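A.B. asks: Please work out how this folds:
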Amino acid sequence: MKKTEEKALVGVREIARKANVSIATVDRVLHNRTGVSAKTKEKIDAIIEELNYKPNILARRLASKQILRFAVLIPSVSKETDYWNAPLSGVLQAESEISSYGIQVETFLFDQNDKKSFVKQSEAVLRGNFNGVLLAPMFIEESSKFVDECALLNIQCVFINSDIPDKNSLCYIGPSLYHSGYLTAHISGYLLKENDKVLIVNISKEIDNHHHLLRKEEGFRKYFEDNHKVNEILKVDIRDTAYDSVKKSLSAALKDNTINLIFVTNSRVSSVAHYLEEEGIEDVKLIGFDFLTENIAYLKKQTIDFLICQKPIEQGYRGIMALYTHFVHASPIDKVYHMPIDIITKENHQFYRN
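C.D. replies: As a prediction, this is how the structure comes out:
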């Protein structure tokens, strides 16, 4: 017998001796099985706490020979943004820590500009016999349908980056989207004069389906309303994410309006920064999201004034660990874990870690 197994058995034997029950009864309590009276279970639990007994998880998992399978359903890296490299990095970190416990993690990547790509990959997950899935809900209708189908198959879902509030999940790990927008508006208030104009820029092929962008915008506008700000807020939705399309839309918006601040609701803020530099526009403040290489380059040059960041690496890591905690430890999971909303500037970016 291996030493780890011997150590675990000695602990179980001591609990059984003190409780005056069989080892099998202690085992039932440890694994939350039926067949033990409430009084006996209470007695065994008290002894476990007294001895500060910690089950050997690795030995238990190896003994069970059960493989747990987790799917990861997130967007792939696109030409316009490499944001999703960060959550994937967190996933891989978590996988490296738990793979020895008989856990397999498989990644399914979809094009965030293509609903059909999401549907195809979600169907592959449903066919894959998974215990849990880490999901970034990009398309609200399709994501909701997928979550419903997971529930029918008893597949636990963890959401990252954005939530589906009316859908039951194991948990949500990510930013409060509404408050992200609200905070951005608060920062903007320090940069604007009374009659200055603001331009909100949404850059996404599926804006109507990307609810996370709309909730940021909702929070942004609510701050101005709550604080009786009279600044005019304009908006442009850019549904072709290629730079030429971004340039054309911004040129049209700035031609007819004197814009003093631009708020980009996602990580594609670098496309707007590129445009401002190319056109020699220096008197417009620019705020956007995410700690990406191309965004930091413009932040250093102060073309971008502020970046709002929400630790995407940690989101991916915590998402997988939530599934691990639920299935392996059978421990309760907080339904919502909001990531901190960090404000990154030219002066502090070198100290920030995603």
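A.B. asks: drop to CA atoms for contacts and neighbour counts, all remaining ones
C.D. replies: Fine.
A.B. asks: In which helix or strand does I333 reside?
C.D. replies: Using DSSP states H and E, I333 maps to neither a helix nor a strand.
A.B. asks: can you tell me which residues contact it?
C.D. replies: The contact partners of I333, taken as C-alpha atoms under 8 Å, 6 or more residues apart in numbering, are L170, C171, A322, T325, H326.
A.B. asks: which residue ranges form the strands in the stretch 1-150 of the chain?
C.D. replies: Counting by DSSP state E, counting those that start in this stretch, the stretch 1-150 of the chain has strands at residues 68-75, 103-110, 132-135.
A.B. asks: who wins for proximity to H349 among those strands?
C.D. replies: H349 lies closest to strand 68-75 among those, at 25.5 Å (C-alpha to C-alpha).
A.B. asks: Most widely separated two among the contacts of I333?
C.D. replies: The most distant members of the contacts of I333, if one measures by C-alpha to C-alpha, are C171 and T325, lying 11.8 Å apart.
A.B. asks: Run through the stretch 51-200 of the chain and note the low-pLDDT ranges.
C.D. replies: 54-65, 80 (pLDDT under 70).
A.B. asks: can you pull out the helices in it?
C.D. replies: Secondary structure of the stretch 51-200 of the chain by DSSP state H, counting those that start in this stretch: the helices cover 57-64, 85-98, 115-126, 140-152, 177-191.
A.B. asks: what's the angle between the fourth one and helix 115-126?
C.D. replies: When you say that, I think you mean helix 140-152. Put simply, helix 140-152 runs at 10 degrees to helix 115-126, going by axes from the mean of the first three to the mean of the last three C-alpha atoms, to 10 degrees.
A.B. asks: Could I get the buried residue list for helix 140-152?
C.D. replies: For helix 140-152, a neighbour-count test (16 or more other C-alpha atoms under 10 Å) marks I140, E142, S143, S144, F146, V147, C150 as buried.
A.B. asks: And it, what does it pack against?
C.D. replies: Counting contacts by 3 or more C-alpha pairs under 8 Å, 6 or more residues apart in numbering; DSSP states H and E, helix 140-152 packs against helix 115-126, strand 156-160.
A.B. asks: distance between that helix and the chain's centre?
C.D. replies: 17 Å (C-alpha atoms, centre = their mean, to the nearest Å).
A.B. asks: ok, residues contacting that helix?
C.D. replies: The set of residues that contact helix 140-152 without belonging to it, under C-alpha under 8 Å, 6+ apart, is 115, 118-119, 122, 126, 137, 156-157, 164, 167, 209-211.
A.B. asks: Also the last one?
C.D. replies: For helix 177-191, the external contacting residues (C-alpha under 8 Å, 6+ apart) are 162, 212, 215-224, 261, 285, 287, 308, 341.
A.B. asks: Restricted to helices, list the residues you listed.
C.D. replies: Using DSSP state H, the subset of the contacts of helix 177-191 located in helices is H212, R215, K216, E217, E218, G219, F220, R221, K222, Y223, F224.
A.B. asks: Give me the number of neighbouring residues for the nearest residue to the last one once chain neighbours are set aside.
C.D. replies: Nearest non-adjacent residue to F224, counting by C-alpha to C-alpha, 6 or more residues apart in numbering: A185, 7.0 Å away. As a burial measure, the neighbour count of A185 was computed by other C-alpha atoms under 10 Å and equals 23.
A.B. asks: And for R17?
C.D. replies: Burial of R17 is recorded as 13 neighbouring residues (other C-alpha under 10 Å).
A.B. asks: who's the most centrally placed residue in the chain bridged to?
C.D. replies: Among the residues of the chain, the smallest C-alpha distance to the mean C-alpha position (C-alpha atoms, centre = their mean) belongs to I160, namely 2.5 Å. Taking DSSP bridges, one finds I173 as the beta-bridge partners of I160.
A.B. asks: Enumerate every residue touching it.
C.D. replies: Under the criterion of C-alpha under 8 Å, 6+ apart, the contact list for I160 reads L134, L135, A136, P137, Y172, I173, G174, Q315, G316, G319.
A.B. asks: ok, of the residues you listed, which come out buried?
C.D. replies: Among these, the ones that count as buried by 16+ other C-alpha under 10 Å are L134, L135, A136, P137, Y172, I173, G174, Q315, G316, G319.
A.B. asks: What is the nearest of those to N52?
C.D. replies: Here the nearest of those to N52, counting by C-alpha to C-alpha, is G319; it sits at 28.1 Å.
A.B. asks: the inter-axis angle of the helix or strand the closest one falls within versus strand 103-110?
C.D. replies: Under the criterion of DSSP H and E, G319 resides in helix 312-324. Put simply, helix 312-324 runs at 130 degrees to strand 103-110, going by the same axes, to 10 degrees.
A.B. asks: tell me what the next helix or strand after helix 312-324 is packed against?
C.D. replies: Using DSSP H and E, the helix or strand that follows helix 312-324 in sequence is strand 336-338. For strand 336-338, the elements it packs on are strand 171-174, judged by 3+ C-alpha pairs under 8 Å, 6+ apart.
A.B. asks: that older thread, and the residue nearest to the centre of the chain, how far is that from L153?
C.D. replies: When C-alpha to C-alpha, to the nearest Å is the yardstick, I160 and L153 sit 21 Å from each other.
A.B. asks: and what of L109?
C.D. replies: The value you get for L109 to L153, if C-alpha to C-alpha is used, is 21 Å.
A.B. asks: neighbour count winner among these two?
C.D. replies: Set side by side, L109 and L153 give different neighbour counts by other C-alpha under 10 Å, the larger being at L109 (16 against 13).
A.B. asks: Would you mind measuring from that one to A124?
C.D. replies: 11 Å.
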